[in-house]
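1. pasting the sequence and the predicted coordinates here, then a few questions.
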Amino acid sequence: MRPRTFGLAVSLFLACACTRTTSSDTAPTAADAKKFIDDVNATTLKLATEASQAGWVAETYITGDTSALNARANQRFIDTLARYAKDAVRFDHTDVPPDLRRSLNLLKVALVMATPSDPREGEELTSIAANLDAAYGKGKWCEDPKKPESCLDINQITEIMRVSRDEKKLRQVWEGWHTISPSMRKDYARFVDLSNKGAKELGFPDTGAMWRSKYDMPADEFTKELDRLWDQVRPLYLKLHAYVRMKLREKYGDVVPANGPIPAHLLGNIWAQDWTNVYPLVAPKNSDPGYDLTAILKNRKLTPVDMVKTGERFYTSLGFSPLPQTFWERSMLVKPRDRDVVCHASAWDVDNVEDLRIKMCIEPTDENFRTIHHELGHNFYQRSYKDLPMLFRDSANDGFHEAIGDTIALSVTPEYLVKIGMIEKAPDSSRDIGLLMQRALEKIAFLPFGLLIDQWRWKVFSGEVKPDDYNKSWWDLRLKYQGVAPVAARSEEFFDPGAKYHVPGNVPYTRYFLADILQFQFHRALSQTAGCTSMLHRCSIYQSADAGKKLNDMLSMGLSQPWPEALTKIAGTKQMDASAILDYFKPLDTWLDEQIKGKPVGW
Ligand SMILES: [Zn+2]
């Protein structure tokens, strides 16, 4: 599973019904603005810490009481933040220094959902949002509604999609999961209307425009940037798509068209967003790397603490200080035997200073080993910006936080494993295609999906897509970007976007697309700094103090400057650039050309 969560303070910026401040008679001064922001920084630090403490206990000791305490602490934090966001509008015309202006702007765009000031509408929106979230959380498909034991939740569905190769079964389960969402459709339409109303009150045309305004550039320009990045990687995606389609056709026959879209239920994942699970069906010949990290970890009986210590050593080899003693005392690294916990891996900075922790149910597997490197990336980022004012204690944009851990995980190469004594010898480059294919099935396959979720939502929020066309426009985009289609028509009686958590959960998604692009750009730039001269996919920045310094220079800026400034610190440019992805996958790209020679490409 893609580890995607981090500290509460940065992930829970929602808004709710709140009081409107009456504008006072005298115009506010810069000194008033400073006092206001000082107060915001002090108060949010305190409330975010309380919310993190409650969240930690709620996720590592699940009971009705800890959930209630967590909900209460969150609500307090969210309400306060929402009140501040509306108060910030008061200083719109005050002449203030750049730092203060940035703080005021960040406050206004920190909201994911702005509620209308009409108390009745505000309450209605808050309760619809909670209902949508809960409807997804409780979502189950029951093959026989009379038999509760036949009901499957998303974890069980995910497992079937992962392992089953039975086309009929996969289709049944796929269609089954998509029965959880039609009931959300009406609520979602109302949710869109009300949240737009709230966004307008904050001065944005609609909620989608409010989300896009977080990126230090005009909303339209940002949309064009995303198109430009996608155009850079699209040719490689088309080749991967053509090759995978060909192999799936060999396996499943005519249900997979020779030159049309790939059926949405055959890619090993309910949303077709990660194709790693079909690797056995598409594995290149003679590409076994000759070692099995999972087996090595098991044979050597590495404990979870050993595995995390190994990850920590990667960061200290770059010049970062070791993790504090409290990290080892307070983290949850093993699944407890005596209680329920949330196992989904996450990194925490409970006091927003140095109470760093990870929460994970570690098993000795290759995948977990990478995830540890990923989660620690969040922790080292958090500690690097700890001295900034609270409003700046976050990543340069929301794509950066996820990208850092993944950047380090890209450095977990065979050569790195040799250096740390896990394997004796790195496989020669003839074996690379297998490793690159696995990585492409995860990272390249994800890109169009990472892009289209918000393409759909932005159109919905702006009114370009009306409720009568929700499902049609969803599948139009999935076809356009992913080249994926349902086997049977999906009319407007369904609401298929609702079967993906982030839609009913109202979590913006573009950050994951950005993270996928940025991590390769970071990896290439840092590898150059580290003096790596081999192929990019074999570069590891392990033990490079120079790369570590560059990385830390960027991390310690937090959110204090526009993200292009932060990007410059590592990449020497203010522009995001997906060409590093093409460099990284060059050998695979050449290999794919041979495989699909004379075969149809595109759909
Ligand atoms: Zn993460």
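-> Here it is on my side, so go on.
2. from here on, contacts and neighbour counts on C-alpha atoms
-> Will do.
3. thought L582 was touching P235?
-> No: using C-alpha atoms under 8 Å, L582 is not in contact with P235, being 9.6 Å away.
4. ok, then the element right after the host helix or strand of D32?
-> Under the criterion DSSP states H and E, the helix or strand holding D32 is helix 30-60. Using DSSP H and E, the helix or strand that follows helix 30-60 towards the C-terminus is helix 64-88.
5. tell me which other helices or strands that following helix touches.
-> Using 3 or more C-alpha pairs under 8 Å, 6 or more residues apart in numbering; DSSP states H and E, the elements in contact with helix 64-88 are helix 30-60, helix 98-109.
6. show residues contacting the helix or strand just after the shortest one.
-> I take that to be helix 98-109. Next along the chain after helix 98-109, taking DSSP H and E as the criterion, comes helix 119-137. Contact with helix 119-137 is made by 16-18, 115-116, 180-181, 184, 187-188, 191, 194-195, 498-499, 501, 504-506, as judged by C-alpha atoms under 8 Å, 6 or more residues apart in numbering.
7. out of those residues, which are buried?
-> 16-18, 115-116, 180-181, 184, 188, 191, 194-195, 498-499, 504-506 (16 or more other C-alpha atoms under 10 Å).
8. ok, how many other residues are close to D227?
-> 12 (other C-alpha atoms under 10 Å).
9. equivalent analysis for S429, please.
-> Using other C-alpha under 10 Å, S429 has 12 neighbouring residues.
10. how close does it sit to S117?
-> 61 Å (C-alpha to C-alpha, to the nearest Å).
11. same question for N155.
-> As defined by C-alpha to C-alpha, N155 lies at a distance of 39 Å from S117.
12. between these two, point out the one with more neighbours.
-> Of the pair N155 and S117, S117 is the one with more neighbours under other C-alpha under 10 Å, namely 18 against 10.
13. re earlier: the ion: which of the helices and strands packed on helix 64-88 is closest?
-> Closest to the ion of those is helix 30-60 (C-alpha to the ion; 16.3 Å).
14. just the angle between the closest one and helix 64-88, please?
-> Orientation note: helix 30-60 sits at an angle of 160 degrees relative to helix 64-88 (axes from the mean of the first three to the mean of the last three C-alpha atoms, to 10 degrees).
15. mind listing what's buried in helix 30-60?
-> Applying a neighbour-count criterion of 16+ other C-alpha under 10 Å, one finds 33-34, 36-37, 40-41, 43-45, 47-60 buried in helix 30-60.
16. picking up where we left off before, tabulate the helices and strands packed on helix 64-88 (TSV), appending mean pLDDT and distance to K386.
-> Listed next are the helices and strands packed on helix 64-88 as TSV, based on pLDDT from 0 to 100; distance: least, C-alpha to C-alpha, whole Å:
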stretch	mean pLDDT	distance to K386
helix 30-60	95	11
helix 98-109	93	16
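17. would TSV of these with distance to S331 be doable?
-> Formatted as TSV, these follow (distance: least, C-alpha to C-alpha, whole Å):
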stretch	distance to S331
helix 30-60	10
helix 98-109	31
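18. relative to S150, which of those is closest?
-> Closest approach to S150 among these (C-alpha to C-alpha): helix 30-60, 27.6 Å.
19. which other helices and strands does that closest one contact?
-> Contacts defined by 3+ C-alpha pairs under 8 Å, 6+ apart place helix 30-60 against helix 8-11, helix 64-88, helix 98-109.
20. for V341, find the nearest of those helices.
-> Nearest of the helices and strands packed on helix 30-60 to V341, taken as C-alpha to C-alpha: helix 64-88 at 11.4 Å.
21. buried ones in the closest one, by neighbour count?
-> When burial is assessed from 16+ other C-alpha under 10 Å, helix 64-88 yields the following buried residues: 66-67, 69-71, 73-75, 77-88.
22. now do that helix against helix 98-109, angle only.
-> Using the same axes, to 10 degrees: helix 64-88 against helix 98-109 is 120 degrees.
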